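J.: following is a predicted model, sequence given first.
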Amino acid sequence: MINVLFISLGNICRSPMAEAIFRKRIEEAGLSGLVTVDSAGIGHWHEGKEMHPSARELLGQKGISIINHQAKQIQAEHLEAYDYIIVMDQLNLQDISAIAPAHTSRYQLFSDLISERAGEDIEDPFFTDNFEAVHEMLEAGCVELCETIKQQTQWKEPV
């Protein structure tokens, strides 16, 4: 089993959007039995809250289903279970490295999944209201991550 965790600031916009998009990608690829996906936030501000309404609406328009999401804050001990720990921006990377420095070798910036966008922050639409641009980047990165996992598992498409 390969376990993927997406991390953002409050776990109501970027990381749950990535979780939903990636969940759809792994289902479409026939990898559901091989991959689990989750999301969490650095901060506690939105703990227990649903996904941001604009994020939910956009995903619905794109035909991406959303499981009953409730924002949660990441704890260092939770990180043991994940093979991929993917953060949305440099600040999240610094914060998670401070929370759990023992796992820094497994932390990855989301934009590094997209070769032409490597090193960039995925902007927080909570502050910019640019959910469509964030969705496009998350979609591109999730496609690449799915391909990486297919190669890692030597997955073969059914004939």
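T.: That came through fine. Numbering: from 1, shown residues only.
J.: measure N130 to L58 for me?
T.: 11 Å (CB to CB, to the nearest Å). Where C-beta positions appear, they are placed from N, C-alpha and C, glycine not excepted.
J.: out of those two, which sits in the busier spot?
T.: Ranked by neighbour count (other CB atoms under 10 Å), N130 and L58 place L58 first, with 17 against 13.
J.: now do the contacts for that one.
T.: Shown in contact with L58 (CB atoms under 8 Å, 6 or more residues apart in numbering): 17, 131-132, 135.
J.: of those, which is the most crowded?
T.: The most crowded member of the contacts of L58, judged by other CB under 10 Å, is M17 (33 neighbours).
J.: so how far is the helix or strand hosting that residue from its chain's centroid?
T.: Following DSSP states H and E, one finds M17 within helix 14-28. Distance of helix 14-28 from the chain centroid (CA atoms, centre = their mean, to the nearest Å) equals 7 Å.
J.: that one: which residues count as buried?
T.: 14-26 (16 or more other CB atoms under 10 Å).
J.: next, give me the two most distant ones among those.
T.: R14 and I26 (18.3 Å; CB to CB).
J.: where do the helices of this structure begin and end?
T.: Taking DSSP state H as the test, the helices found in the chain are 14-28, 53-61, 90-99, 125-128, 131-153.
J.: quick check: mean pLDDT of the third one?
T.: Just to be clear, that refers to helix 90-99. Averaged across helix 90-99, pLDDT comes to 93.
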